[in-house]
Every structure is written in structure tokens, then in C-alpha cells.
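**Student:** With the sequence up front, the predicted model follows.
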Amino acid sequence: MVIKYIFMFLIFIISLLIGNAISMKYKDRVVELKDFKSALNLLKAKIRYTYEPIPEIFLEISNKFESTVGGVFKMSRERMKRYAAGKAWESAIDEYSFLSISKEDKKILKGLGKLLGKTNKDGQISEIELTEQFLDMQIEKAEKERIKNEKLYKTLGGVVGCTLVIILI
């Protein structure tokens, strides 16, 4: 009898944890988009005011951002040893597995790779500024989705857990 109650309690807790895990993706997306925007702002400043090569700038950004965004810049820098900067950036965005951003967000970020390292300083800065504007819109969308869905999934996890416990009683 006690084992049955422990089992039901565990089912309830697991349901809550699953709901919280799903809701965290919405929060993480907003944080990552804001981190990408900050990182691009730093990239823009470094391109504008220093003569450092892009791999060195990416290394500095990856050290500054210890989040998943830093991991993307680090992976991109590593790939620049074999590929052009734009190709390395695009493949890092596609293949970095810990990102919570949407496909649309990835498409916007990959757009930066088209001119990265291929044009003059002004062209790259213009492309970064354009990407930042798109990120602003995505941050706004992500914030609305977070507000709408974060509480929903937390509540849904609790409701599903309660339902399963009631069924098992």
C-alpha cells in the first residue's frame, strides 16, 4: 500500500518536472536571443574599432559569454580553421545542440554569415545591425510566447500529474 502511494507521488513529481522543463525552453529562448544580441553588439564594436581578425574576436566573445551563445561562437571559431567565416558561423548555428532558439531565429542568425568575413568593415557592420533589428523583433515575439506558454506548461504538468494519480487511485 505504501509503495502505491510512493509510486503515485513520483508520477506527480515527474509530471511537474516535465511541465517545468518544457516551460524553461521559452525562458531560455528569450535569454539566448538577448545574449546573441549582446554578442553581436560586441562583434560590431570589435570590427569597427579594432583590426583583430574574426577568429580572435569570436574567441573573445566565447570567453565573455559562458552560456550557449559562447558555445556557438567557440564552435564557429574552431570551424574557421577549416572553413570560411560565414560557412563556419552557419554550421555552428545549425549544429550546436544546446540552443533553445526556434528555426526562424536560426535562419535570422545564419543570415549574418553571408557577409561575415567577405565584405569590408562597413558591409559587415551593416549586416550585424540588420541582424540586431531582426533579433529585436524575435525577442519581442519570444517574450510574448514565454508569457503565454510558461505558466501553461507548468500548470499542465501539475494537472496531468493529478489526473494520473486520480486514475491510479
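**Tutor:** Arrived safely, thanks for sending. Since the structure is predicted, the reported quantities are computational estimates derived from the model, not experimental observations.

**Student:** How much space separates the closest residue to Tyr83 other than its chain neighbours from Thr155?
**Tutor:** What sits nearest to Tyr83 in space, not counting adjacent residues and going by CB to CB, 6 or more residues apart in numbering, is Ser91, at 7.1 Å. For every residue, glycine as well, the C-beta is placed using N, CA and C. Distance of Ser91 to Thr155, computed by CB to CB, to the nearest Å: 38 Å.

**Student:** So between the two, which is more surrounded?
**Tutor:** Comparing Ser91 with Thr155 by neighbour count (other CB atoms under 10 Å), the higher total belongs to Ser91, at 17 against 12.

**Student:** Let me see the contact set for Glu78.
**Tutor:** For Glu78, the contacting residues are Ala88, taking CB atoms under 8 Å, 6 or more residues apart in numbering as the criterion.

**Student:** and the host helix or strand of it, average pLDDT?
**Tutor:** Assessed by DSSP states H and E, Glu78 sits inside helix 68-79. Helix 68-79 shows a mean pLDDT of 91.

**Student:** ok, then the element right after that helix?
**Tutor:** Scanning forward in sequence from helix 68-79, with DSSP H and E defining helices and strands, the next element found is helix 85-95.

**Student:** Check which helices and strands whatever helix or strand Lys144 lives in sits against.
**Tutor:** Secondary-structure assignment from DSSP H and E places Lys144 in helix 121-168. On a contact count with 3 or more CB pairs under 8 Å, 6 or more residues apart in numbering; DSSP states H and E, helix 121-168 meets helix 2-49, helix 103-111.

**Student:** Let's have those helices in CSV, adding mean neighbour count and distance to Ile147.
**Tutor:** Below are those laid out as CSV (neighbours: other CB atoms under 10 Å; distance: least, CB to CB, whole Å):
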stretch, mean neighbour count, distance to Ile147
helix 2-49, 16, 9
helix 103-111, 16, 17
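
**Student:** Present these as CSV; the columns should include mean pLDDT and distance to Glu95.
**Tutor:** Listed next are the helices and strands packed on helix 121-168 as CSV, based on pLDDT from 0 to 100; distance: least, CB to CB, whole Å:
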stretch, mean pLDDT, distance to Glu95
helix 2-49, 91, 16
helix 103-111, 89, 10
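
**Student:** out of those, nearest to Val69?
**Tutor:** When these are ranked by distance to Val69, counting by CB to CB, first place goes to helix 2-49 at 4.1 Å.

**Student:** by contact count, what packs against that closest one?
**Tutor:** Taking 3+ CB pairs under 8 Å, 6+ apart as contact, the helices and strands that helix 2-49 lies on are helix 54-64, helix 68-79, helix 103-111, helix 121-168.
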